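Novice: got a predicted model here, sequence first, then my questions.
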Amino acid sequence: MTDFGGWEMPLSYPLGTVHEHLACRNRAVVFDVSHLGTVSLSGIDAYDTLQHNLSNDLGKIAPGRAQYTHLLDGSDASVLDDIIVWWDTEKQFYVMPNASNTERVIDRIGGVDTTSTRSILAVQGPKSREALSKVIPGAAGVGRFRLGHFQYKGEDVVVAGTGYTGEDGVEISIDGDSSRSLFEELVSVGVEPAGLGARDTLRLEAALPLHGNELGREITPIEARLEWVVSLTKGNFVGREAFLRHKEEGARFLLYGALSQGRQPVRSHMAVHKDANEIGWVSSGNFSPSLKKAIALIFSRTTLHFGDTVEIDVRGNMLSFEIVNLPFVAKTR
């Protein structure tokens, strides 16, 4: 167990992070991600409030859908948080910020913090829907980035086709008092429990950004290669003018994927070199259980190309990495 944003969270279970990681890639796992924030926003002004404060365009979706979006700083367009919005009914939204950013999001959009009243279980992996159908009939049919309401032991649960592993799966919002029963029943039908360690290696293999690493203050969507999250066609929103200025000025650095032929992992903030010059830094790095090699996401101030070689400084030991296409590991079919 480990402290994470004030929550006591499982880093791993007895069989370990590598086992849990591969179980998600090949079968099905369940993560307790109740530490993630949930802000309930409702009423006639909810849609306009979100359109004004978030970067993506809710007009592209509809009730019963989910959307990935950013909360931008109005002065420099850096990403204050990356968020999933669950649009439940016409006037009801559930905004899902990162664990440490809930207060910041509420300061901008208002709403009610419901994090402490519910739990969220993420059921992920190529066989996740097969297992889920034995526990919550019908929930397995919820499509990618769609929402559905279902009953679990007489209680309403919201199921969304979202996740943070690069694999198929869903996330289930359920009353906190009932979450243990659901977790245990999922395990009883063959879903393996997984902790934060596997969640991080899975998201890294899928090249999914982590706020504080690939996103954050002084990092814009352009530099994180997430420009598609910013909709310039929906009208004005906080950060729009700063984003346009930054787009015109050009990115100061860009995100790349780097693959080693060795196993020694690198960590965030380690310096990246090319041709004896320091060109950037590691934003995230780890050992890839799927590839059995070290992988890293890096920011470079110099333009790089696939096949280029860079070196990462690990306490004076220069490790060679090749620039590769992302994601490192594609979704299991």
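Specialist: Arrived safely. Keep in mind the model is a prediction, meaning the values are calculated, not measured.
Novice: please name the nearest non-neighbouring residue to the most centrally placed residue in the chain.
Specialist: The residue lying closest to the centre of the chain (C-alpha atoms, centre = their mean) is residue 164, at 4.7 Å. Nearest non-adjacent residue to residue 164, counting by C-beta to C-beta, 6 or more residues apart in numbering: residue 203, 5.2 Å away. From N, CA and C alone the C-beta is placed, and that goes for glycine too.
Novice: list the helices and strands the one helix or strand residue 197 maps to packs on?
Specialist: Per DSSP states H and E, residue 197 falls inside helix 196-205. On a contact count with 3 or more C-beta pairs under 8 Å, 6 or more residues apart in numbering; DSSP states H and E, helix 196-205 meets helix 17-26, strand 29-32, strand 277-288, strand 293-300.
Novice: and the ones you listed, which is most packed in?
Specialist: strand 29-32 (a mean of 26; mean count of other C-beta atoms under 10 Å).
Novice: mean confidence for it?
Specialist: Across strand 29-32, the average pLDDT comes to 97.
Novice: pull out the buried positions in the helix or strand following it.
Specialist: Next along the chain after strand 29-32, taking DSSP H and E as the criterion, comes strand 39-42. By 16 or more other C-beta atoms under 10 Å, the buried positions in strand 39-42 come out as 39-41.
Novice: next: stretch 190-207.
Specialist: 191-207.
Novice: before we move on, what about stretch 129-146?
Specialist: Buried-residue list, stretch 129-146, by 16+ other C-beta under 10 Å: 129, 131-132, 135-136, 139-140, 142, 146.
Novice: any low-confidence regions in the protein?
Specialist: Counting by pLDDT under 70, the chain shows low-confidence ranges at 332-333.
Novice: show me the domain layout of it.
Specialist: The domain map for the chain lists 2-205, 227-324, with the assignment taken from automatic domain parsing.
Novice: dump those to TSV, plus distance to residue 219.
Specialist: Below are those laid out as TSV (distance: least, C-beta to C-beta, whole Å):
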stretch	distance to residue 219
domain 2-205	6
domain 227-324	8
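Novice: pick the most deeply packed of those domains.
Specialist: Greatest burial across these, using mean count of other C-beta under 10 Å, falls to domain 2-205, with a mean of 19.
Novice: tell me the span between the first and last residue of that one.
Specialist: 23 Å (C-alpha to C-alpha, to the nearest Å).
Novice: quick check, residue 300 in contact with residue 253.
Specialist: Yes. Contact criterion C-beta atoms under 8 Å: residue 300 and residue 253 qualify, at 6.0 Å.
Novice: who touches both of the two?
Specialist: Common neighbours of residue 300 and residue 253 (criterion: C-beta atoms under 8 Å, 6 or more residues apart in numbering): residue 280.
Novice: to residue 331, which of the domains of the chain lies closest?
Specialist: domain 2-205 (5.6 Å; C-beta to C-beta).
Novice: how near is the residue nearest to residue 164 to residue 167?
Specialist: 10 Å (C-beta to C-beta, to the nearest Å).
Novice: kindly report the same for residue 309.
Specialist: 30 Å.
Novice: strands of the stretch 151-300 of the chain, start to end?
Specialist: 155-160, 169-175, 192-193, 254-259, 271-274, 277-288, 293-300 (DSSP state E, counting those that start in this stretch).
Novice: ok, back up a step: so what's the residue nearest to the centre of the chain up against?
Specialist: Per C-beta under 8 Å, 6+ apart, neighbours of residue 164: 33, 122, 199, 202-203, 208.
Novice: mind putting these into a markdown table with distance to residue 101?
Specialist: Converted to a markdown table, those look like this (distance: C-beta to C-beta, whole Å):
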| residue | distance to residue 101 |
| --- | --- |
| 33 | 15 |
| 122 | 19 |
| 199 | 17 |
| 202 | 21 |
| 203 | 17 |
| 208 | 17 |
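Novice: hmm, residue 111 is touching residue 41, no?
Specialist: Yes. Using C-beta under 8 Å, residue 111 is in contact with residue 41, at 3.9 Å.
Novice: what do the two both touch?
Specialist: residue 95.
Novice: against residue 280, how distant is residue 84?
Specialist: 29 Å.
Novice: same check, this time on residue 251
Specialist: 12 Å.
Novice: residue 104 is in what secondary structure piece?
Specialist: Going by DSSP H and E, residue 104 is part of helix 102-109.
Novice: give me the residues contacting that helix.
Specialist: With C-beta under 8 Å, 6+ apart as the criterion, helix 102-109 contacts 37, 39, 41, 49-50, 53-54, 71, 80-81, 83, 95, 97, 113, 115, 238.
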